[in-house]
Every structure is written in structure tokens, then in C-alpha cells.
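> Sharing a model that was predicted from the sequence below.
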Amino acid sequence: MDKDIVHYAKTRHSAKAFDPTKKISDENVEKIRELLRFGASSTNAQPWHFILASSDEAKAKIAKSTEGVYAFNTQAVLDASHVVVFCRRINLEEDYLLRVLAQEEKDGRFAADPEFKERMHGERNFFVKMHKDDLKDADVWASKQVYLNLGAFLLGVAALGIDALPMEGIDLKVLDEELKLTKNGYAGLVVLPIGYRNLESDFNADLPKSRLEYSEILTEI
């Protein structure tokens, strides 16, 4: 019997060590790309960019951001099959928003109601400008959208039988220098090694999952 989504929510753990001999299949790498692309975001603004590293050279570059105080994260980056770097776009300018709109049109979102195109563009612009000019938290707002993607991605790869370790224990300045993020208009947020856990080295693999009781976290009205 197929497992439902709650099964993966309950059994997913942050892998603390990866088996460097086990690689994600090409078929699942394509699914990983799709999980990243089809994540949810406010007004479909998609204010993100992702870097998918698979080579030892690329992973070594990312691992430099864990050296020093974050050295406990280094080996996971090096041993994982792949590493995903989650970034936000630094600027959401008109030309970018028009590219989003053009893609929506290409994908047929306005076929039934052509006037919806202008409404969609106006509504998206409204929220972008509100966060940029009024609330002055555009970077925080964009980061929230990236974290929406990250949450769905963690559940998605778990359903594929792939382990993951989300980490903010990274030197973002070093990460930027190694991957030239700012130069290309991006700001790094999270590094996510993915692959298959090393059961002999991963102390977290056999620990029971722990969450607060419903009485502490849930109010039903």
C-alpha cells in the first residue's frame, strides 16, 4: 500500500552524515529540479534562485563556507550526493516581473480571461512595491518565499526516499565569494546537502522524532 504524506512528515529526519558512495539517480535529480521550480510563492513572484551542485569541485566550494566555526557541517556537504543552495533575488525589478508575467502567459494562465493578465501584473507589483517602499522589508519578504519552497522541498525529497540536512550554519560572505552570488543578483540563505544517510555515522537516524503536543501548538475554533 502506498504511504501517505503524513508518513513522510513523521519519518523525515535531518541526516547528520551522508554515504559518499550513494548517488541520487538521474531520474530523481530531474524530480528534484521540478520540486524546486514548482514551489509556492506569494503572488507567484518566485523571488528565488537555486544552485544545484553535484561535482566534488562544486561541493568543495560550498564547503568553504562551513570552515571555522561551522566546521561540524563540512563533511556533510562534501559527502552528500548533491547540495542545493537556496537563494533569494536581491532585486525584484520591473523587467523581472515582466518575465514572470510572460511565462504565465506562455503557460496559458490568461487564455480564458485576457484581462486577468493586467490584473495579475498589477497585484504582483502592488505587493512588491508595498514591501519595498512602504514596509521596507523586501529582502525579508523574498526570504520568506524561499523558505516556503524549502519546506515543501524537504517533504518532497523525503517522499523520494532522499535524505536532507538544511543548514544555516554557514558563512554567507564566504558562500557569496565562492559562488559569486551578489554579482549575479542573489543572496544565499540556506545550504541543503541531499543524498542518503550513513547509518553508521548518523546519530540522528535512530532517534525518535519529537514534537510538542497538540495542546501546546494547536487551537481549534
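Everything's here; your move.

> list the contacts for the nearest residue to Phe18 once chain neighbours are set aside?
The shortest distance from Phe18 to any residue other than its chain neighbours is 4.1 Å, reached at Asp79 (Cβ to Cβ, 6 or more residues apart in numbering). Where C-beta positions appear, they are placed from N, C-alpha and C, glycine not excepted. Contacts of Asp79 were listed using Cβ atoms under 8 Å, 6 or more residues apart in numbering, and they are 17-20, 193, 195, 198.

> and Asp79, what pLDDT?
Listed pLDDT for Asp79 reads 98.

> which regions of this structure lie under the pLDDT threshold?
1 (pLDDT under 70).

> CA atoms only for the lengthiest helix in the chain, dumped as PDB, please.
If each helix of the chain is counted by residues according to DSSP state H, the longest one is helix 138-159. The C-alpha trace of helix 138-159 is given here as PDB (Å, rounded to 0.1, in the frame of the first residue of the first chain):
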ATOM      1  CA  ALA A 138      11.500  43.400   0.600                       C
ATOM      2  CA  ASP A 139      14.500  41.200   1.500                       C
ATOM      3  CA  VAL A 140      12.700  39.600   4.400                       C
ATOM      4  CA  TRP A 141       9.500  39.100   2.300                       C
ATOM      5  CA  ALA A 142      11.600  37.500  -0.500                       C
ATOM      6  CA  SER A 143      13.400  35.300   2.000                       C
ATOM      7  CA  LYS A 144      10.000  34.100   3.400                       C
ATOM      8  CA  GLN A 145       9.000  32.900  -0.100                       C
ATOM      9  CA  VAL A 146      12.300  30.900  -0.400                       C
ATOM     10  CA  TYR A 147      11.600  29.200   3.000                       C
ATOM     11  CA  LEU A 148       8.100  28.300   1.700                       C
ATOM     12  CA  ASN A 149       9.900  26.500  -1.100                       C
ATOM     13  CA  LEU A 150      12.400  24.900   1.300                       C
ATOM     14  CA  GLY A 151       9.700  23.400   3.500                       C
ATOM     15  CA  ALA A 152       7.900  21.800   0.600                       C
ATOM     16  CA  PHE A 153      11.200  20.600  -0.900                       C
ATOM     17  CA  LEU A 154      12.100  18.800   2.400                       C
ATOM     18  CA  LEU A 155       8.900  16.900   2.300                       C
ATOM     19  CA  GLY A 156       9.200  16.200  -1.400                       C
ATOM     20  CA  VAL A 157      12.600  14.700  -1.300                       C
ATOM     21  CA  ALA A 158      11.600  12.600   1.700                       C
ATOM     22  CA  ALA A 159       8.800  11.100  -0.400                       C
END
